[in-house]
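[1] got a predicted structure plus its sequence, pasted below:
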Amino acid sequence: ESIVKSYALNDNRIKYVKLKENSGAAIARTEAMKIANGKYMAFLDSDDLWIKEKLSKQLKFMQENKYNFTCTDYEQIDENDNKIGKIIKTKKKADYNRVLLDCPVGNSTVMYNVEALGKFEVPNIRKRNDDALWLQILKKEKYIYGMSEVLMEYRVRTNSISSNKFDLIKYHWQLYRDIEHLSFFRSVFHICWWGIF
């Protein structure tokens, strides 16, 4: 809080908002989206890092190509900021069904045009809520376009909320059945695909 407030003193674009209680990432993202203003929105999880020119490079990519919804490549780092040699490449473009299959989108790489697409309520599930948000957006915008440049570093923690893959199955089930209302068999197919690949 003190660090954010020190920056906010010198830049009135920076707003510090603290929720009354820790309600999880989905609630925090929804509240932030409500109060944010401007033409574009980007997301940055607390343990990830943007490279210095991430926003300007991605904005230029969007404007030059007239894209409303984009993401970028990203690289994994450990808890001490060391690169661990794994780069996750995005797809050149992905539609709803492609994102549903295995979500080739890193949360902290996304930027979208709010003026064109509006604001969204993030489905309130503890995990995979970012995937659920992208699927919502893809019901309005046909594709998310990938920028082939590493512009974000994703921190891999041993005890992170997404580190237990077996535990994630129930959240995938919630996403497929309760939020996206897929059939039982299609939901099982997607969970099996995710588990194998």
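    Sure thing, it's come through. It should be emphasised that the depicted structure is a prediction, and the values quoted were computed from it without experimental measurement.
[2] tell me which helix or strand C71 sits in.
    Per DSSP states H and E: C71 is located in strand 69-77.
[3] next one: F189
    Using DSSP H and E, F189 sits within helix 184-196.
[4] tell me the average confidence for that helix?
    Helix 184-196 carries an average pLDDT of 82.
[5] what mean pLDDT does stretch 109-118 get?
    Mean predicted confidence for stretch 109-118 is 96.
[6] got the buried residues for that stretch?
    Buried positions in stretch 109-118, judged by neighbour count with 16 or more other CB atoms under 10 Å: 109-114. The C-beta positions use only the backbone N, C-alpha and C, and glycine is treated the same way.
[7] low-confidence bits of the chain, can you list those?
    Across the chain, the ranges flagged by pLDDT under 70 are 159-166.
[8] please repeat the previous calculation with a cut-off of 50.
    The chain contains residues with pLDDT under 50 at 161-162.
[9] where is the longest strand in it?
    As assigned by DSSP state E, the longest strand anywhere in the chain is strand 144-155.
[10] quick check: end-to-end length of stretch 16-29?
    13 Å (CA to CA, to the nearest Å).
[11] now do the helix holding F189: which elements does it pack against?
    helix 96-102, helix 168-173 (3 or more CB pairs under 8 Å, 6 or more residues apart in numbering; DSSP states H and E).
[12] can I get these in JSON lines with mean neighbour count?
    Shown next, in JSON lines, are these (neighbours: other CB atoms under 10 Å):
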{"stretch": "helix 96-102", "mean neighbour count": "16"}
{"stretch": "helix 168-173", "mean neighbour count": "16"}
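[13] quick check: which of those helices is nearest to G146?
    Of all these, helix 96-102 sits nearest to G146, with 10.7 Å by CB to CB.
[14] wait, A94 touches G146, no?
    Yes: counting by CB atoms under 8 Å, A94 does reach G146; the two are 7.2 Å apart.
[15] circling back to that earlier point, what packs against the longest strand of the chain?
    strand 49-50, helix 54-65, strand 69-77, strand 83-88, strand 93-94.
[16] for the helix holding F189, list every residue counted as buried.
    Under the neighbour-count criterion of 16+ other CB under 10 Å, helix 184-196 has 187, 190-191, 194 buried.
[17] ok, the residues you listed vs I88, which is closest?
    Nearest to I88 among the buried residues of helix 184-196: W194, at 15.1 Å, using CB to CB.
[18] dump the C-alpha coordinates for the longest strand of the chain into CSV.
    Only the C-alpha atoms of strand 144-155 are listed here, as CSV (Å, rounded to 0.1, in the frame of the first residue of the first chain):
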residue,chain,number,x,y,z
ILE,A,144,-7.9,-12.7,-29.5
TYR,A,145,-4.8,-11.8,-31.5
GLY,A,146,-1.3,-12.8,-30.3
MET,A,147,1.7,-10.6,-30.4
SER,A,148,4.9,-12.7,-30.8
GLU,A,149,7.1,-11.0,-28.3
VAL,A,150,7.8,-11.7,-24.7
LEU,A,151,6.3,-8.7,-22.8
MET,A,152,5.5,-10.3,-19.5
GLU,A,153,7.2,-12.5,-16.9
TYR,A,154,5.1,-15.0,-15.1
ARG,A,155,6.2,-16.0,-11.6
